[in-house]
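Asks: Starting from these lines, generate the structure:
(one chain, ligands or ions: 1)
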Amino acid sequence: MNMKALAIGIAVFGVCLTPIHAEEDVPDYTLPDPLVFEDGEPVEDAEAWFDQRRPEILELFREHVYGRRPGPPDSVEFEIVEEDPEAMDGDATLKRVHITSIQGEGEHTFQLILFTPNDAPGPVPVFLLMNNRGPENTDPTREEKSGFWPAEEVIERGYAVAAFQVGDVAPDSADNFREGVMSLFGDPEAEREPDGWGALAAWGWGASRVMDYFETDDAVDVSQAALLGHSRGGKASLWGGAEDERYSIVISNNSGCGGAAISRRRFGERVSQINDRFPHWFAVNFREYNGREHALPIDQHQLVALMAPRPVYVASASEDNWADPVGEFLSAYHAGPVYELVGGEPLPVDEQPAPGEAAHGTVGYHLREGGHNLTPEDWHHYMDFADKHFDR
Ligand code: GTR
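Replies: Numbering: from 1, shown residues only. Next up is the predicted model:
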């Protein structure tokens, strides 16, 4: 064997599974071009994007990253188990809704919490949080209040605000994640297909059942619904928004690896680590890319681009290195050419904004000062962005 090749092989192997923590150590990489078909032909116009290239990219993400989710169940039923028109000191109406998916003989129920503002003249736009933290963050009684879901502040700005627990849709554990909705579509004990859906896809499927409910609620303007998630929830919101185009704004907060961060940068959390620690989140096929990010047929900027021409938002926190803030910014940035082609405004900046600053085109981004979290400051950026894009 040629010694130089051997040395390179060892060097490559050396960095293979190790996360990178300094910008100067990020390897050179080439991003797959969203506007070039897999056969090398260019995507010439918006029609070619929507009819052919977008479906091609969607399929690659299904096959290699998140797995294939089923369509809607045979039927979905909604039961309003509580309605309080005097919630939040009379400012809002609370509904607790049980959403039941029925498939053959099987049934699965999870709960949606929804507050709508009482002073609205008609249906209002809504923010749905896919909550990956404890239910005390979305307390319907409002005895407990959390900056993770600052519901009063959202109501005050004239939006409806909703949440569900991702774990109620598919438990967030490798041991039993298939015991939630996934059990309606297959035996949880059977071996998972290599491209079978993982928990992130299942959580997005849950957001689609929430959308089915929104379509029945006159207090909500279903044409103006924002899907939002933090961290693992932000990975799920991006994939859920790609699969369900009824969500008209898609927001990922600090979503990192498998969310908005560019995988090829290998910065912070890497594909191998996420697959080892959270084998239930992604398709089994994703493990083929452990230490081989360069071989992925897609990268995460193409996931962001799948939202086009809908407004999409990526946000980072300055101390959240595990989620690679630069990589998150770059995926929002590199989705730009698709927005340009189909008639949207790419990020209006070429460089990552300073902490505390936001850049809002049809693609939005901000870098919050601080650590891995979803805070009222983030929410106000999202509402500013929605003010810009929603008609009210
Ligand atoms: C971490 C994981 C991240 C992120 C985070 C979270 O442990 O490495 O990918 O998803 O959990 O969801 O809070």
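Asks: Roughly how far does A295 sit from the ligand?
Replies: 21 Å (Cβ to the nearest ligand atom, to the nearest Å). From N, CA and C alone the C-beta is placed, and that goes for glycine too.
Asks: residues near that residue, how many?
Replies: 10 (other Cβ atoms under 10 Å).
Asks: I'd guessed it sits against Y289; true?
Replies: Yes: using Cβ atoms under 8 Å, A295 is in contact with Y289, at 6.1 Å.
Asks: so the residue lying closest to T362 once chain neighbours are set aside, which of the three states?
Replies: Excluding its sequence neighbours, the residue lying closest to T362 (Cβ to Cβ, 6 or more residues apart in numbering) is G344, at 3.5 Å. Assigned state for G344: coil (three-state reduction, DSSP: H, G, I helix; E, B strand; the rest coil).
Asks: which residues sit in contact with G344?
Replies: Neighbouring residues of G344 by Cβ atoms under 8 Å, 6 or more residues apart in numbering: 308-309, 311, 361-363.
Asks: Let's have the residues you listed in TSV, adding distance to the ligand, pLDDT and neighbour count.
Replies: Shown next, in TSV, are those (distance: Cβ to the nearest ligand atom, whole Å; pLDDT from 0 to 100; neighbours: other Cβ atoms under 10 Å):
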residue	distance to the ligand	pLDDT	neighbour count
A308	25	98	26
P309	28	98	16
P311	23	98	24
G361	26	98	20
T362	26	98	26
V363	22	98	28
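Asks: Strands - which of those land there?
Replies: Judged by DSSP state E, the contacts of G344 include V363 as members of strands.
Asks: possible to save the contacts of G344 as a markdown table with distance to D391?
Replies: A markdown table is the format used below for the contacts of G344 (distance: Cβ to Cβ, whole Å):
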| residue | distance to D391 |
| --- | --- |
| A308 | 19 |
| P309 | 15 |
| P311 | 13 |
| G361 | 18 |
| T362 | 15 |
| V363 | 19 |
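Asks: Okay, now the unreliable bits of the stretch 251-392 of the chain?
Replies: For the stretch 251-392 of the chain, no stretch has pLDDT under 70.
Asks: How about the residues of it by the ligand?
Replies: For the stretch 251-392 of the chain, the residues in contact with the ligand (Cβ under 6 Å from any ligand atom) are 256-257, 269, 274.
Asks: let's go with 5 Å and repeat that
Replies: When proximity is defined by Cβ under 5 Å from any ligand atom, the stretch 251-392 of the chain lies next to the ligand at 256, 269.
Asks: The stretch 101-250 of the chain too?
Replies: Checking the stretch 101-250 of the chain against the ligand by Cβ under 5 Å from any ligand atom, the hits are 231-232.
Asks: now the strands: where do they sit in the stretch 101-250 of the chain?
Replies: 106-117, 124-131, 160-165, 220-230, 249-253 (DSSP state E, counting those that start in this stretch).
Asks: Is it possible to get a markdown table of the ones you listed that adds mean neighbour count?
Replies: Shown next, in a markdown table, are the strands of the stretch 101-250 of the chain (neighbours: other Cβ atoms under 10 Å):
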| stretch | mean neighbour count |
| --- | --- |
| strand 106-117 | 20 |
| strand 124-131 | 25 |
| strand 160-165 | 26 |
| strand 220-230 | 24 |
| strand 249-253 | 30 |
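Asks: TSV please, covering these and showing distance to V36.
Replies: Shown next, in TSV, are the strands of the stretch 101-250 of the chain (distance: least, Cβ to Cβ, whole Å):
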stretch	distance to V36
strand 106-117	40
strand 124-131	32
strand 160-165	38
strand 220-230	28
strand 249-253	24
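Asks: Since that was my last question, I'll sign off now.
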